[in-house]
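*Asks:* Pasted the sequence and its predicted model underneath.
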Protein chains: 4
Amino acid sequence: MRAEPRWARRKDARPAELRAAALDLFVERGYAATRLDDIAARAGVGKGTLYLYYASKEDLFKAVIREGLVPLYEEGERMVDVHTGSAATLLRALLHTWWARVGATALGGIPKLMIAESGNFPEVTRFYVEEVMSRGMRIIGRVLALGMDGGEFRRVPVEPAARLVMSPVVLMAVWRYSFQCFDHGDGDPADYIDLHVDTFLRGLAP
Amino acid sequence: MRAEPRWARRKDARPAELRAAALDLFVERGYAATRLDDIAARAGVGKGTLYLYYASKEDLFKAVIREGLVPLYEEGERMVDVHTGSAATLLRALLHTWWARVGATALGGIPKLMIAESGNFPEVTRFYVEEVMSRGMRIIGRVLALGMDGGEFRRVPVEPAARLVMSPVVLMAVWRYSFQCFDHGDGDPADYIDLHVDTFLRGLAP
Amino acid sequence: MRAEPRWARRKDARPAELRAAALDLFVERGYAATRLDDIAARAGVGKGTLYLYYASKEDLFKAVIREGLVPLYEEGERMVDVHTGSAATLLRALLHTWWARVGATALGGIPKLMIAESGNFPEVTRFYVEEVMSRGMRIIGRVLALGMDGGEFRRVPVEPAARLVMSPVVLMAVWRYSFQCFDHGDGDPADYIDLHVDTFLRGLAP
Amino acid sequence: MRAEPRWARRKDARPAELRAAALDLFVERGYAATRLDDIAARAGVGKGTLYLYYASKEDLFKAVIREGLVPLYEEGERMVDVHTGSAATLLRALLHTWWARVGATALGGIPKLMIAESGNFPEVTRFYVEEVMSRGMRIIGRVLALGMDGGEFRRVPVEPAARLVMSPVVLMAVWRYSFQCFDHGDGDPADYIDLHVDTFLRGLAP
DNA sequence: TATGAATGAGCGTTCATTCAT
DNA sequence: CATGAATGAACGCTCATTCAT
């Protein structure tokens, strides 16, 4: 009388599958324009099944945001914790890693999604700002402070500078989901990031 | 011997008033979540009045985008045409002007709006990409090319570099409409732009 | 200081012009599907002008019905009053006259219109039934009674027989406005009426 | 061990129930003046349920027409196929049957409905003319030809004669739904049909 | 657990009616 | 008299949510 492993596995995986389907469609069409029917269909379940895992459409949206990026940022913090080389190297690594883990994956849609829906979900927006955005900025800020303290960078206000660092990669991720199909001129994201880091590091030279 | 009937003035001004009200609400809530009732109420007219000027909600949305930024970009092009000083000065002036005319005004919501709704309006997205975004990039690109040709900047690929220039200010405008109320740490936008230009110009020094 | 004759003439003619425009459109599209804008446009006046002559759409509809056929039926009654020849000849003349004056003109749409809208306008339907339909039946009935009294026709119940007489021509008028464009097989209405009268009179031979 | 779920039975029966409710109201008030709320209420379902079976109000209307009379006309054709007695007997039987199956039932409203709405639904009007009206005429026409070929009737043009046969019964059905409540003088429909057939057959005697 | 038929509140849109000109 | 801009009640249609199976 074993439990059925196949079903059990599906049952455990369901929430993540549902969130993945929801994220895809929310990012593509926006929250309001996405029908639960479509999310259910994309996840390969019936419409009612959604309600076994999430109490409402809004609840599903919140879960998409909450479960999305937080784990990755913990990894980012560890990267800074254990780093021993130059701040410049770390900065470059962090941006490339962010792109590989977020910008180039479906998670890259989350910033676009939050930008679009912030006005309608104050509670989850506060969560996103505090637990994701600010946290990311703090990671970058730590690296900048490290470099400035070590004489590697000239002194600039940390928080605005951290925004300068993140802006190009965040906006590239956002554009990727918004204008990619109409914008035929983009080269390799890695090259773009390197150009950005090169220029920024020169700009920060003491 | 009246100068002109009150109505005529209203009739001429109405479309712009309606677009302004629509832009405010579209930016705040997103296209789908904005009710025409609310747009009409904010514009101080009845719901049916909207349909005297725009054939549908979609039509109104398109007008908001189409009539919004194009005139300003023509002005930007003229700024480059007539400029005589250094490319660095021009670049700084363009960004500050963009912020004053777009980022700090209601028009600053248009990038956020297009980011959010691009998936649902391919036609107007194409327009926005071609007539607004690409045009803005071309303006910046001309300045960068100017500086590189004049030995003021080191040689870098123009198009990605133009993106780097615009990213922080565009994203600041987007954030202003999305996360401002939750993000208590931002300083003066002008300072932020100056920090960006300073760093970027140093980074581009030959 | 004469009154302006042109205007005065227009002013007097307006109600009839408006009713004519309304009849055309009511017959073509039905009452509910006809917009007052269209009626006004067809009559060549502004939308508000309609309300100078008729208090509401419903009022206009009632006028269309009330002013439409009544005068013609008075003429029909006189035809019977003054007739001296055989009942058969009179019957044939009445049907041909009805077709010429009603069936073949715009007035032929009134039966279709009343059939369609009777459920929504009980008051005007009662008027139509009593002042138009029943009156027409009474005219035909008088002719039949004349023929039966004179030994020209065999005795049959007058009222149902009168309906039999009118049915083909009324239905032809109705079809003309409903199915004409899809029904390519109809010959000359006059031949149809003659066939009807011939057959009916034979059928009524003593 | 249930035979079948209650829902399945309902699901199969629903379309016919909805069409029946729609026919009643369309006939009573006309297409435009009938609200979907009322149709749903009469069918005992919620408003949204309609859209599970018909894509739009127009679609429902078309189904009402398409599914309404066609099966009956197939039966009519079989009656002619298998008949062996006189054409006169067959003609009388066909009219009485038509009245019993169509004129006296809710289906009798369909001719009224098509008359009223033909202008707004060209496509379904074409269907009705070709698959219902013309087909009915052809059935009657076959009987007339039969009688003429057998020497039972004198020779007359078949198509107009078929219209003469149908006009009184069709118009009686139409009137039943339009003027019944205001027209207090009608006797037994069967008597009316008999009078019609008697007269018409005498009129067609060789 | 999973389903999808059923629901009805909500919104985009239309159009008869009003009224300032 | 005549106009047409403005209005808002009304209706077709959608879709998040429920619940019997």
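*Replies:* That came through, no problem.

*Asks:* any weak-confidence spans in chain A?
*Replies:* Residue ranges of chain A with pLDDT under 70: A:1-11, A:184-186.

*Asks:* Kindly recompute the last result at 90.
*Replies:* Along chain A, segments meeting pLDDT under 90 span A:1-13, A:68-76, A:180-187.

*Asks:* need the longest helix for it.
*Replies:* Assignment by DSSP state H gives helix A:5-29 as the longest helix of chain A.

*Asks:* does any bit of whichever helix or strand comes after that one sit next to chain B?
*Replies:* On the C-terminal side of helix A:5-29, the closest following helix or strand by DSSP states H and E is helix A:36-43. No: applying Cβ under 8 Å from any Cβ of the partner chain, one finds helix A:36-43 separated from chain B by no less than 12.9 Å. For every residue, glycine as well, the C-beta is placed using N, CA and C.

*Asks:* What would the helix or strand following helix A:36-43 look like as CSV? C-alpha coordinates only.
*Replies:* Counting by DSSP H and E, the next helix or strand C-terminal to helix A:36-43 is helix A:50-53. Provided in CSV are the C-alpha atoms of helix A:50-53 (Å, rounded to 0.1, in the frame of the first residue of the first chain):
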residue,chain,number,x,y,z
LEU,A,50,-6.1,26.5,-9.2
TYR,A,51,-8.4,27.1,-6.3
LEU,A,52,-7.1,24.1,-4.5
TYR,A,53,-3.7,25.8,-4.2
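
*Asks:* Mind listing what's buried along helix A:50-53?
*Replies:* For helix A:50-53, burial by neighbour count (16 or more other Cβ atoms under 10 Å in any protein chain shown) applies to A:50, A:53.

*Asks:* helices and strands around the helix or strand containing residue A:116, which ones?
*Replies:* Per DSSP H and E, residue A:116 falls inside helix A:109-117. For helix A:109-117, the elements it packs on are helix A:5-29, helix A:57-68, helix A:122-128, helix A:158-178, helix B:109-117, helix B:158-178, judged by 3 or more Cβ pairs under 8 Å, 6 or more residues apart in numbering or on different chains; DSSP states H and E.

*Asks:* what angle separates that helix from helix A:158-178?
*Replies:* Helix A:109-117 runs at 90 degrees relative to helix A:158-178, counting by axes from the mean of the first three to the mean of the last three Cα atoms, to 10 degrees.

*Asks:* how about helix A:109-117: buried residues?
*Replies:* In helix A:109-117, counting by 16+ other Cβ under 10 Å, buried: A:109, A:110, A:111, A:112, A:113, A:114, A:115, A:116, A:117.

*Asks:* is it true that the third one touches residue A:170?
*Replies:* The one in question is residue A:111. Yes: here residue A:111 reaches residue A:170: they are 5.6 Å apart, a contact under Cβ atoms under 8 Å.

*Asks:* hang on, the earlier thing: ok, the buried residues of helix A:109-117 vs chain B, which is closest?
*Replies:* Chain B has its nearest neighbour among the buried residues of helix A:109-117 in residue A:116, at 3.3 Å by Cβ to the nearest Cβ.

*Asks:* distance of the closest one from DNA strand F?
*Replies:* Going from residue A:116 to DNA strand F by Cβ to the nearest atom of the strand, to the nearest Å gives 15 Å.

*Asks:* The residue nearest to that residue when sequence neighbours are not counted and residue A:31, how far apart?
*Replies:* In this structure, residue A:116 finds its nearest non-sequential neighbour in residue B:116, 3.3 Å apart by Cβ to Cβ, 6 or more residues apart in numbering or on different chains. Taking Cβ to Cβ, to the nearest Å as the measure, residue B:116 and residue A:31 are separated by 9 Å.

*Asks:* cool, and residue A:200?
*Replies:* Using Cβ to Cβ, one gets 34 Å for the distance from residue A:200 to residue A:31.

*Asks:* Pull up the overlap in contacts between residue B:116 and residue A:31.
*Replies:* Residues touching both residue B:116 and residue A:31 by Cβ atoms under 8 Å, 6 or more residues apart in numbering or on different chains: A:116, A:117, B:30.

*Asks:* Could you double-check that residue A:28 lies in contact with residue B:122?
*Replies:* No: using Cβ under 8 Å, residue A:28 is not in contact with residue B:122; the gap is 11.8 Å.

*Asks:* And these two? Which one has more around it.
*Replies:* Neighbour count, other Cβ atoms under 10 Å in any protein chain shown: between residue A:28 and residue B:122, residue A:28 has more, with 17 against 11.

*Asks:* residues touching the more buried one, list them.
*Replies:* Counted by Cβ under 8 Å, 6+ apart, residue A:28 has contacts A:34, A:177, B:119.

*Asks:* rerun that using 10 Å as the cut-off
*Replies:* Residue A:28 is in contact with A:34, A:38, A:109, A:112, A:113, A:177, B:118, B:119, B:120, counting by Cβ atoms under 10 Å, 6 or more residues apart in numbering or on different chains.

*Asks:* closest to chain D among those?
*Replies:* Nearest member of the contacts of residue A:28 to chain D, counting by Cβ to the nearest Cβ, is residue A:38, at 16.9 Å.

*Asks:* Excluding chain neighbours, what is closest to the closest one?
*Replies:* In this structure, residue A:38 finds its nearest non-sequential neighbour in residue A:25, 5.7 Å apart by Cβ to Cβ, 6+ apart.

*Asks:* Quick check: that neighbour touching residue A:42?
*Replies:* Yes: in this structure, residue A:25 is within contact of residue A:42 by Cβ atoms under 10 Å, at 6.5 Å.

*Asks:* Give me the more crowded residue out of the two.
*Replies:* More crowded of residue A:25 and residue A:42, by other Cβ under 10 Å: residue A:25, with 22 against 16.

*Asks:* Give the full set of residues in contact with that one.
*Replies:* Taking Cβ under 10 Å, 6+ apart as the test, what residue A:25 contacts is A:31, A:33, A:34, A:35, A:36, A:38, A:39, A:41, A:42, A:43, A:109, B:119.

*Asks:* same thing but at 8 Å, please
*Replies:* Residue A:25 makes contacts with A:34, A:38, A:39, A:42, as judged by Cβ under 8 Å, 6+ apart.

*Asks:* Roughly how far does it sit from chain C?
*Replies:* Here residue A:25 is placed at a distance of 39 Å from chain C (Cβ to the nearest Cβ, to the nearest Å).

*Asks:* Okay, that residue and DNA strand F: tell me how far apart.
*Replies:* Counting by Cβ to the nearest atom of the strand - residue A:25 and DNA strand F are separated by 10 Å.

*Asks:* again with residue A:153
*Replies:* With Cβ to the nearest atom of the strand as the criterion, residue A:153 and DNA strand F are 48 Å apart.

*Asks:* Is that residue in contact with residue A:145, as I believe?
*Replies:* No: between residue A:153 and residue A:145 there is no contact under Cβ under 8 Å: 9.0 Å.

*Asks:* quick one, which of the two is more surrounded?
*Replies:* Neighbours were counted for residue A:153 and for residue A:145 using other Cβ under 10 Å; residue A:153 has more, 23 against 17.

*Asks:* how about that one, secondary structure?
*Replies:* At residue A:153 the chain is in coil, as set by DSSP: H, G, I helix; E, B strand; the rest coil.
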